[in-house]
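Next comes the sequence, and after it the predicted model I'd like to discuss.
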Amino acid sequence: MAIALESGIGMIEVGVYTAQHYPTAAHRIVFMSSISPDKPATSAQSAPISLPRVRALFSRPGRVAESQFLRREISVRMFERLSLIKTNPLAVLDAGCGEGDDLALLRQSFPLSLLLGLDAAAAMLATARSQALAALPFWQRMAAKLSAPSGPGGAALACADFARLPLAPASFDLVWSNLALHWHPQPDKVFAEWRRVLRVDGLLMFSCFGPDSFQQLRAAFAAAGEHHAVLPFVDLHDFGDMLVDAGFATPVMDMEKLTISYSSAEKLLADVQAFGGNPLLTRRSSLIGRAQWQRVLQALEAQRDADGKLNLTLEVIYGHAFRPVLRKTAGGEAIVRFDLPRR
């Protein structure tokens, strides 16, 4: 079996290395070079997010390393949900794979599956590649340096925009995305692309931040007159509507709120930066003044609970849905849904 693109056999640049053909057992992925990850897609925005800014924020993996504890915790909860669904995918796409930790876990769950890790930040993929090499015995490490770059679990790696995937339709049986979707300004376009690359009955499973995330920080900045310091996140119900509009069947959405407690405002702010930072086009273009920053800190300090702790709320949204079988009439004609533009 081969996973290929509709037209063109080529390669897509991935920072310091190039993703090309990645044979895994009887599978292979072929990338094409005709889609640029920098070319914008046309769609309604969920927030004025700058994709180049997102890539820049994640261009230094060490800066976000302190937030890995949260991604690992959410990953555990996603795998718990996945265990309740009967699936045996031949090919798995990890969209927003970052340093590749979930790729190793996906390999454990699906040892015979083809894995592709995709991220918009080439530096994160380079780190995934380096960590995968470091885990190998010396002789395997030397051999791997001469072969096509791969990540944890032997996964192929590629750098691309979620909304413009350089992949053929119906290429994957599972699309997995852990805490990545909220970094894209056009989640409806992303859902459409994820559906496009899924096979019929293929499963999408994702997690992302919801609108109550960082509410304490948002309130503190608002008290200082700053209203674009924290990313606005999409509501669970809006995501459900987007999934249906994109052609997914019976999406299942749920949400939970996590609270992280801190002794100091400095550590809270450092962790928020490690979670990603602020990619908004509307963010302040200059540094905040000292007096205004003191108002932010004072507003945070005023939120200490009875135990003297500062709390940070994270609303985590989980969703999964399937690509349904195309409906047909009794005569065999495909039924295609057209929605009139909303006024």
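Great, that's in hand. Residues are numbered from 1 along each chain as shown.

Name the nearest residue to Trp183, sequence neighbours excluded.
Val54 (4.9 Å; Cβ to Cβ, 6 or more residues apart in numbering). For the C-beta atoms, the positions are set from N, CA and C on the backbone; glycine is no exception.

Check Asp307 too.
Asp307 sits nearest to Ser261 (Cβ to Cβ, 6+ apart), 7.9 Å away.

and the one you found, that one's in a strand?
Yes - Ser261: assigned to a strand according to DSSP: H, G, I helix; E, B strand; the rest coil.

Roughly how far does the residue nearest to Trp183 sit from Asp119?
Per Cβ to Cβ, to the nearest Å, Val54 is found 11 Å from Asp119.

Show me which of those two is the more surrounded one.
Asp119 (27 against 19; other Cβ atoms under 10 Å).

After the helix or strand hosting Val64, which helix or strand is next?
Val64 is part of helix 61-64 when elements are defined by DSSP states H and E. Next along the chain after helix 61-64, taking DSSP H and E as the criterion, comes helix 68-82.

What's the mean pLDDT across the one helix or strand Met242 maps to?
Using DSSP H and E, Met242 falls within helix 236-245. Across helix 236-245, pLDDT averages out at 96.

can you list contacts of it?
Residues from elsewhere that reach helix 236-245 (Cβ atoms under 8 Å, 6 or more residues apart in numbering): 46, 187-188, 191, 204, 208, 210, 251, 253-255, 317, 319, 321, 339.

nearest to Trp176, of those?
Within those, the smallest distance to Trp176 is 8.2 Å, found for Leu204 (Cβ to Cβ).

Can you tell me the closest non-neighbouring residue to the closest one?
Val175 (4.8 Å).

Surely the one you found and Met205 touch.
Yes - Val175 lies in contact with Met205 (Cβ atoms under 8 Å); the separation is 7.4 Å.

can you map out the strands along the stretch 151-300 of the chain?
In the stretch 151-300 of the chain, the strands defined using DSSP state E, counting those that start in this stretch lie at 156-159, 172-178, 198-209, 249-262.

got the contact list for the residue nearest to Asp307?
Ser261 neighbours (Cβ under 8 Å, 6+ apart): 305, 307, 309-312.

Return the set of buried residues in stretch 236-255.
236, 239-240, 242-243, 246-248, 251, 253, 255 (16 or more other Cβ atoms under 10 Å).

and it, C-alpha only, in PDB?
C-alpha atoms of stretch 236-255 as PDB (Å, rounded to 0.1, in the frame of the first residue of the first chain):
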ATOM      1  CA  LEU A 236     -16.500  24.000  22.400                       C
ATOM      2  CA  HIS A 237     -19.900  24.400  20.700                       C
ATOM      3  CA  ASP A 238     -18.400  26.400  17.900                       C
ATOM      4  CA  PHE A 239     -15.900  23.600  17.300                       C
ATOM      5  CA  GLY A 240     -18.700  21.200  17.100                       C
ATOM      6  CA  ASP A 241     -20.500  23.300  14.500                       C
ATOM      7  CA  MET A 242     -17.300  23.600  12.500                       C
ATOM      8  CA  LEU A 243     -16.800  19.800  12.500                       C
ATOM      9  CA  VAL A 244     -20.300  19.300  11.100                       C
ATOM     10  CA  ASP A 245     -19.800  22.000   8.500                       C
ATOM     11  CA  ALA A 246     -16.600  20.300   7.500                       C
ATOM     12  CA  GLY A 247     -18.400  17.100   6.800                       C
ATOM     13  CA  PHE A 248     -17.600  15.000  10.000                       C
ATOM     14  CA  ALA A 249     -20.200  12.700  11.400                       C
ATOM     15  CA  THR A 250     -21.600  12.900  15.000                       C
ATOM     16  CA  PRO A 251     -18.800  14.800  16.600                       C
ATOM     17  CA  VAL A 252     -18.300  14.100  20.300                       C
ATOM     18  CA  MET A 253     -17.100  17.100  22.400                       C
ATOM     19  CA  ASP A 254     -16.300  17.400  26.000                       C
ATOM     20  CA  MET A 255     -14.400  19.800  28.300                       C
END
